[in-house]
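Q: my questions concern the predicted model and sequence given below.
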Amino acid sequence: MQLVLVGILMGLGGTLAMDLWALLLHLVLGYPKPAWRNQGRWVLRSLRGKIFHDDITATPALAHESAVGWSFHYAVGIAYGVIFMVLAGPGWLEAPRFLPLWLFALVTICAGWFLMQPGMGLGCALSKTPTPWKGRALGLIAHTVFGLGMWAVALLAT
């Protein structure tokens, strides 16, 4: 049970770190804030049986899509934290090393690249966007920050 609780806290910490990173990019470099309403719209439409869209922003808005997007974002982060802890086991928690957690955090981007982004009409790994390599690099950095946030929580939990 302790592993699951630590995993939940790690997922929350990692997701919060990712959100703070996005806020910093917005405040310092003027990057747009994440539009979690689009992910919420995608989740809600997926639950209705339509997973792939040409352009999720061209579909009609749905009630509570922003709240669903934010909730989904944190639920996925929590799930990743729990999955990592189950895979890593109690031995890892005794001496948390960053490398396995970082590799796991980088692998988690695959769900976005190969399911959610194509489903939203952005192509595999943002291939249909104007600057796919920039988006991919920013995603890998964000997932590194996610891993750092999870690691910080793990260190606090030991």
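A: Sure thing, it's come through.
Q: show the pLDDT at the residue lying closest to Gly112 once chain neighbours are set aside.
A: Counting by CB to CB, 6 or more residues apart in numbering, Gly112 lies nearest to Gly139, which is 6.9 Å off, once chain neighbours are set aside. (C-beta placed from N, C-alpha, C; glycine too.) Looking at Gly139, its pLDDT reads 97.
Q: what residues are up against Gly139?
A: Shown in contact with Gly139 (CB atoms under 8 Å, 6 or more residues apart in numbering): Ile109, Gly112, Trp113, Leu126.
Q: so how far is stretch 84-96 off the chain centroid?
A: How far stretch 84-96 lies from its chain's middle: 21 Å, per CA atoms, centre = their mean, to the nearest Å.
Q: likewise stretch 140-158?
A: The chain centre lies 12 Å from the centre of stretch 140-158; the measure is CA atoms, centre = their mean.
Q: need the CA coordinates for that stretch. CSV is fine.
A: Below are the C-alpha coordinates for stretch 140-158, written out as CSV (Å, rounded to 0.1, in the frame of the first residue of the first chain):
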residue,chain,number,x,y,z
LEU,A,140,10.8,15.7,-24.0
ILE,A,141,12.0,18.5,-21.7
ALA,A,142,8.5,18.7,-20.1
HIS,A,143,8.7,14.9,-19.4
THR,A,144,12.2,15.3,-18.0
VAL,A,145,10.7,17.9,-15.6
PHE,A,146,7.9,15.5,-14.8
GLY,A,147,10.6,12.9,-13.9
LEU,A,148,12.5,15.4,-11.8
GLY,A,149,9.3,16.3,-9.9
MET,A,150,8.5,12.6,-9.3
TRP,A,151,12.1,12.0,-8.1
ALA,A,152,12.0,15.0,-5.7
VAL,A,153,8.9,13.5,-4.1
ALA,A,154,10.5,10.1,-3.9
LEU,A,155,13.5,11.6,-2.1
LEU,A,156,11.2,13.4,0.3
ALA,A,157,9.4,10.1,1.0
THR,A,158,12.6,8.2,1.9
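Q: which stretches of this structure have low pLDDT?
A: Along the chain, no part satisfies pLDDT under 70.
Q: number of residues surrounding Ser71?
A: 15 (other CB atoms under 10 Å).
Q: so it is in which element?
A: In this assignment (DSSP states H and E), Ser71 forms part of helix 65-94.
Q: report all helices and strands that that helix contacts.
A: Contacts defined by 3 or more CB pairs under 8 Å, 6 or more residues apart in numbering; DSSP states H and E place helix 65-94 against helix 2-29, helix 36-47, helix 98-107, helix 132-157.
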